[in-house]
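[1] the following comprises the amino acid sequence and a computationally predicted model.
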Amino acid sequence: MSASDQSRDAIERVWRSVVDTARRSAADGLVVGTSGNVSARVGGTVLVTPSGVPYDRLRPEDAVGVDLEGRQILGELAPTSELPLHLAVYRNSSAAAVVHTHAVHATAVSTLVTEVPLVHYAAALLGGPVRTAAYARYGTRELADNMLTALRDRTGCLLQNHGTVTYGDTLDEAYDRTAQLEWLCRLWLTASSVPGHRPTLLSPAQLREVTDALKGYGQPG
């Protein structure tokens, strides 16, 4: 198999994963309609969901790809309007995949706090206390810059009055972090809504202890 055939096969395989992840986000209630977007990197190509197309209509031949400067190099459909968010992550991290959603509980929390309170050690899975990026209109460089500030030393953040962004080494990892962030926000909203009570929070030292313990979590190898 030639190098070009291998590259084409990789793009087809990753595009299927991008579409599957986008459909999963809709099925899990993390997005409504055509909101949210998903991308994955294959070498110098970023495969990204297109703008305004329902995920269940996307076909293998609808693959959309851009280079790291945002120039479209694959497909006829226009890429998501949130392309600046995705490209900013790839340019400033080792990410191989990015997931952006409008998850209900996380978006609600983004309107309330500048940092998600440490109500559970799941925050360690995202690198520490999850910050909220200051509001800017969707699709703008300003929003991308605000997001990068919130993502410093983190693998996920909230976007104020907007939604979530997470990234990872694989689409599954990026999506799992999105799900964890939504769960964490739902937990805090639930606990903080009980009249007459305030949820206890973990200390930074307790979170560091969990972060160290997670280094040995899971199966060997």
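    Received the coordinates, thanks. Numbering: from 1, shown residues only.

[2] list the buried residues of the helix ranked longest in the chain.
    Ranked by residue count, the top helix of the chain under DSSP state H comes out as helix 3-27. Neighbour-count burial for helix 3-27 flags 11, 14-15, 17-19, 21-26 (criterion: 16 or more other Cβ atoms under 10 Å). C-betas here are computed from N, CA, C, even on glycine.

[3] with stretch 194-206 instead?
    Buried residues in stretch 194-206, counting neighbours by 16+ other Cβ under 10 Å, are found at Leu202.

[4] what of stretch 36-51?
    With burial defined by 16+ other Cβ under 10 Å, the residues of stretch 36-51 counted as buried are 36-42, 45-51.

[5] which one among these gets closest to Gly75?
    Relative to Gly75, the closest of these is Pro50; by Cβ to Cβ it sits at 7.5 Å.

[6] so what's Ala96 up against?
    The neighbours of Ala96, taking Cβ atoms under 8 Å, 6 or more residues apart in numbering as the test, are 40-41, 168-170.

[7] in a markdown table: the residues you listed, plus pLDDT and secondary structure.
    Compiled in a markdown table, those are given as follows (pLDDT from 0 to 100; DSSP: H, G, I helix; E, B strand; the rest coil):
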| residue | pLDDT | secondary structure |
| --- | --- | --- |
| Ala40 | 98 | strand |
| Arg41 | 97 | strand |
| Gly168 | 98 | strand |
| Asp169 | 97 | coil |
| Thr170 | 97 | coil |
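
[8] how close does the residue of the chain positioned farthest from its centre sit to Asp9?
    No residue in the chain sits farther from the centre than Gly196, which is 34.4 Å out by Cα atoms, centre = their mean. Here the criterion is Cβ to Cβ, to the nearest Å. By it, Gly196 lies 60 Å from Asp9.

[9] kindly report the same for Val38.
    As it turns out, when the distance is counted by Cβ to Cβ, Val38 lies 20 Å from Asp9.

[10] tell me the confidence at Gly218?
    What the model reports as pLDDT for Gly218 is 70.

[11] same thing with Leu214?
    As predicted, Leu214 sits at a pLDDT of 87.

[12] that one reaches Leu125, doesn't it?
    Yes: between Leu214 and Leu125 there is a contact under Cβ atoms under 8 Å: 7.2 Å.

[13] point out where the chain drops to low pLDDT.
    Under the criterion pLDDT under 70, the flagged ranges of the chain are 1-6, 220-221.

[14] where do the strands sit along the protein?
    In the chain, strands defined by DSSP state E lie at 37-42, 45-48, 65-66, 72-74, 97-101, 132-133, 156-159, 163-168, listed in chain order.

[15] could you dump those to TSV with distance to Pro117?
    As requested, the strands of the chain are exported to TSV (distance: least, Cβ to Cβ, whole Å):
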stretch	distance to Pro117
strand 37-42	28
strand 45-48	32
strand 65-66	37
strand 72-74	41
strand 97-101	21
strand 132-133	12
strand 156-159	12
strand 163-168	16
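
[16] mind checking those for the one nearest to Gly218?
    The closest approach between Gly218 and any of the strands of the chain, judged by Cβ to Cβ, belongs to strand 163-168 at 14.9 Å.

[17] helices and strands around the closest one, which ones?
    helix 83-91, strand 97-101, helix 104-110, strand 156-159, helix 171-192 (3 or more Cβ pairs under 8 Å, 6 or more residues apart in numbering; DSSP states H and E).

[18] now do 6 Å
    With contacts defined as 3 or more Cβ pairs under 6 Å, 6 or more residues apart in numbering; DSSP states H and E, strand 163-168 has these neighbours: strand 97-101, strand 156-159, helix 171-192.
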